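Peer 1: with the input below, show me the fold.
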Amino acid sequence: MTVQKLRDLNISQVLILYSFTIISFQFYGYIGFDSQVLKALLFVLIPIWFLICITDIIKIKGDIIVKLMKGLIFSLFIAIVSSYLFWDQGFIFTYRAMVSNFVLPLTFFLLVKYRASQKSIERYIVFFTVLYAIIWLYAVINAPLILFDIGGVDDLDDSRGFWRIFIAGQYFIYISYFLYLTRLTYDFKIRYLIFAFLLFILIILTLTRQTILWTSVTTIYFIYKINKKFTFCLLLVFVLSYSSLYILLKNSDTVIGKLIELTEHQQDLNNNSREDIRIVEYRYFFSKYSKNLITDIIGNGYPHSETAFGKRYQSINDRLDLYLSDVGYAKIFADTGLFGLILYILLFISCIRAKIPKEIEYAKLFIIYMIPANIAAAFYTGCIGISVCCYLIYSNKINTKSLHTSKSDKLNIQ
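Peer 2: Model (predicted):
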């Protein structure tokens, strides 16, 4: 890749990348498809995907992002062995429980193999953003009928003033939001402003308070980098708007009113009873979940519901009401140990510290957003959004180095 230019994806590459993505989403959990067939399709796809990328995984060296992605793959194989050695869980069961985790690094290496251009990546992002919006809207129109069962729920929740719908690939709307937000700073067009506004509204309608919060915080951080004075005005408007909305909508049946009411209810529970449930979960999964010091380091692996390991985890859910899906970094530690946790931390530090042009600033913003967003949710599992943004940052670094090398060679020849 250091000597070959980035290029637009051809038709066959587009078909492979897009179909692999949809399969990894389990066809959005559409109830018209047999879920067991969809799972089997993904089980078969991952080894094929691995074989397609194996040459690039082995040959490409040098950059820290590549090394860390290889490390993530290695940590997953270690997790399979760990489940067998320490929890007597068969390899096949562990593979079935954690197969979606391979999607993140393998998507990265597929993009590396194709040497996908920024233009191709942005088409990919926009395509899956539009597809998500269409599916989400279709699900809303048909609510309370469940058409896309990705969250494993029996009934749609409308306690937050609107239908709370879980659909795979939600992170694409966040990447697209940051994409159009950053475009406004170097190529201002009204349509970009409209797109960013509509995407932010869609983010609010996902009804997940922490993602709304961290999207807003990341936006303010970005604007602060661009214009510090404007950020002060924006914060003032935000405080005044929030105060006004709080007073006007606190006891209303609107989405914002219900979210405020839910937040206050949880604060009352924390004040009047036990400490915050997330703190309890982090303490438990960091100190009591692992079997021994070795599993603290390399992880316990991934429990499958049909094994003794899986039943132990289910017992923790039932007896203690504690869930790994609520605490992203504790989940990484429990599954892949300190080794896996350090890999993710280093990956994000490498991406944030990279010097990139303003045209792909949105990739770094998404990584920045994901760091706090994963505290109270497990968003990293199979997150293609991370793969895409890491690839954009990596390919820019490699392309920049290649250009500098070419210029130096020409000067030496002259």
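Peer 1: point me to the helix or strand that includes Ser315.
Peer 2: Using DSSP states H and E, Ser315 maps to helix 308-320.
Peer 1: off-centre distance for that helix?
Peer 2: 26 Å (C-alpha atoms, centre = their mean, to the nearest Å).
Peer 1: and stretch 296-306, by the same measure?
Peer 2: 21 Å.
Peer 1: still on that earlier bit, mean confidence score for the helix holding Ser315?
Peer 2: Averaging pLDDT along helix 308-320 gives 95.
Peer 1: what helices and strands are in contact with the host helix or strand of Trp214?
Peer 2: Per DSSP H and E: Trp214 is located in helix 209-226. Packing partners of helix 209-226 (3 or more C-beta pairs under 8 Å, 6 or more residues apart in numbering; DSSP states H and E): helix 171-186, helix 190-205, helix 228-249, helix 255-272, helix 361-373. C-beta coordinates here come from the backbone N, C-alpha and C atoms, glycine included.
Peer 1: ok, and for the first one, which residues are buried?
Peer 2: So that's helix 171-186. 171-183 (16 or more other C-beta atoms under 10 Å).
Peer 1: can you list contacts of it?
Peer 2: 122, 125-126, 128-129, 132-133, 189, 192-193, 195-196, 199-200, 202-203, 211, 215, 218-219, 222, 226, 358-359, 361-363, 365-366, 369, 379, 383-385, 388-389 (C-beta atoms under 8 Å, 6 or more residues apart in numbering).
Peer 1: report the separation between the residue nearest to Leu76 when sequence neighbours are not counted and Lys311.
Peer 2: Spatially, and ignoring its direct neighbours in sequence, Leu76 is nearest to Asn101 (5.6 Å; C-beta to C-beta, 6 or more residues apart in numbering). Remark: distance between Asn101 and Lys311 (C-beta to C-beta, to the nearest Å) = 21 Å.
Peer 1: so the two - more neighbours on which side?
Peer 2: Asn101 (23 against 12; other C-beta atoms under 10 Å).
Peer 1: pull the CA atoms of the strand or helix carrying Pro105 into PDB?
Peer 2: Using DSSP H and E, Pro105 sits in helix 103-114. The C-alpha trace of helix 103-114 is given here as PDB (Å, rounded to 0.1, in the frame of the first residue of the first chain):
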ATOM      1  CA  VAL A 103     -16.000  -8.000  11.900                       C
ATOM      2  CA  LEU A 104     -14.200  -4.900  13.300                       C
ATOM      3  CA  PRO A 105     -10.600  -5.900  12.400                       C
ATOM      4  CA  LEU A 106     -11.500  -7.900   9.300                       C
ATOM      5  CA  THR A 107     -13.400  -4.900   7.800                       C
ATOM      6  CA  PHE A 108     -10.300  -2.800   8.300                       C
ATOM      7  CA  PHE A 109      -8.100  -5.300   6.500                       C
ATOM      8  CA  LEU A 110     -10.600  -5.700   3.700                       C
ATOM      9  CA  LEU A 111     -10.400  -1.900   3.100                       C
ATOM     10  CA  VAL A 112      -6.600  -2.100   3.300                       C
ATOM     11  CA  LYS A 113      -6.700  -4.900   0.700                       C
ATOM     12  CA  TYR A 114      -8.900  -2.800  -1.700                       C
END
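Peer 1: list the buried residues in that helix.
Peer 2: Val103, Leu104, Pro105, Leu106, Thr107, Phe108, Phe109, Leu110, Leu111, Val112, Lys113, Tyr114.
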